[in-house]
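Asks: Give me a 3D structure for the following:
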Amino acid sequence: MTDAYGKRVDGKHADGRRADGKGAGSKGAGSNAARPSAAWALPGVLFFVCFAVAPMLLVGYLAFTDWDGIGSPQWIGTDNWSRLWHDPDMRQAVWLSLLLTVLTWLVQTPIALLLGVWAAGRQRNRAVLSAIFFLPLLASSVALALVWKQLLDPNFGLIAEIGPALGFADGDLLGDPQGALGAILFVTAWQFIPLHTLIYQGGARAIPRSLYDAAAIDGAGTVRQFFSITLPQLRNTVVTSSVIMVVGALTFFDTVLILTKGGPGTDTSIVPYLMYKNGFQAFDLGYASAVAALLVVVATTVSLLLVRLTGFSAMRSTREGM
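Replies: Next comes the predicted model:
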């Protein structure tokens, strides 16, 4: 139906679409969209159950048994846990693990944050330098630890030349308690800072450019923009990186195994290495399982506390005013 000027007055256009934007073809388009079947998640769920849930349940059971890995496990109740509580080596290992975790966060977070913000910029040759810097991510921890083991050899390694300048006259860095701990801290930082740099780079690139333009108009310099815009906008990213970093620092042991083997003495014997030593050297798999179960509980609790205390679970968009 048309008026005197030939315009449609019945709410429909000439092509059959309604003037209010509701065409016949759009009716129920959102509600009728097909959703993926739950069967698509089945392979991932089975993989997680077989290689994560089942081993954890088995470790939980073995923690209450006496088993050498050959015969049948013998149920001994809470004997392993009582031994764990009174073991001086365990107390030292817990202290070293906590110390290494705190030092790891204090060293890696500022460096990764600054490098990530830099890598997110538009500097000349940034892409090439970033690619070179990220190379340690391509190698395994064991391979990198073997390389650094040779470099830190006091007889023919690089440390034999620069050791005296660092305060180690004989170049035996790994033979000194503080030197060995510092070497572990340095090697792990060298390997994993690129990973966290990549996380911060992605977070920095998601910050709207308009915020920096507005700050520049107001006269804010680079440092002021970093502390007033970049750092607050990366709050979620900092929490994510910190959880990954803390849990990783609590659970890694391959670098310690290759570089120091817990030495000198037991000065770098962290909790994961203590678990390995009891399980695969002393073949006391029951006690090693108790150590592993404790480690899982502590790592999970720490990560949940980080999420809870930082308010990460309640966070929404950090793009204020956008």
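
Asks: Give me the pLDDT for Leu309.
Replies: pLDDT for Leu309: 82.

Asks: distance of it from Val302?
Replies: With distances taken as Cβ to Cβ, to the nearest Å, Leu309 is found 10 Å from Val302. Every C-beta, even on glycine, is put in place using the N, C-alpha and C of the backbone.

Asks: Mind checking which of those two has more residues around it?
Replies: Per other Cβ atoms under 10 Å, whichever of Leu309 and Val302 has more neighbours is Val302, with 17 against 9.

Asks: Tell me which helix or strand the more buried one sits in.
Replies: Using DSSP states H and E, Val302 sits in helix 285-309.

Asks: Name the residues of that helix that come out as buried.
Replies: In terms of neighbour count (16 or more other Cβ atoms under 10 Å), helix 285-309 has its buried residues at 285-295, 298-299, 302-303, 306-307.

Asks: From the chain's centroid, how far away is the top helix by length along the chain?
Replies: If you go by DSSP state H, the chain has its longest helix at helix 88-119. Relative to its parent chain, helix 88-119 has a centroid offset of 12 Å by Cα atoms, centre = their mean, to the nearest Å.

Asks: With stretch 246-255 instead?
Replies: Taking Cα atoms, centre = their mean, one finds stretch 246-255 lying 10 Å from the centre of the chain it belongs to.

Asks: Name the residues of it that come out as buried.
Replies: Val246, Val247, Gly248, Ala249, Leu250, Thr251, Phe252, Phe253, Thr255.

Asks: The residue nearest to Gly203 when sequence neighbours are not counted: how many residues sit nearby?
Replies: Residue nearest to Gly203 in three dimensions, not counting chain neighbours: Thr237, with 3.4 Å by Cβ to Cβ, 6 or more residues apart in numbering. The local packing of Thr237 (other Cβ under 10 Å) involves 20 other residues.

Asks: same for the one helix or strand Thr237 maps to, what does it pack against?
Replies: Element membership of Thr237 [criterion: DSSP H and E] is helix 235-251. Here helix 235-251 touches helix 88-119, helix 177-205, helix 271-280, helix 285-309, going by 3 or more Cβ pairs under 8 Å, 6 or more residues apart in numbering; DSSP states H and E.
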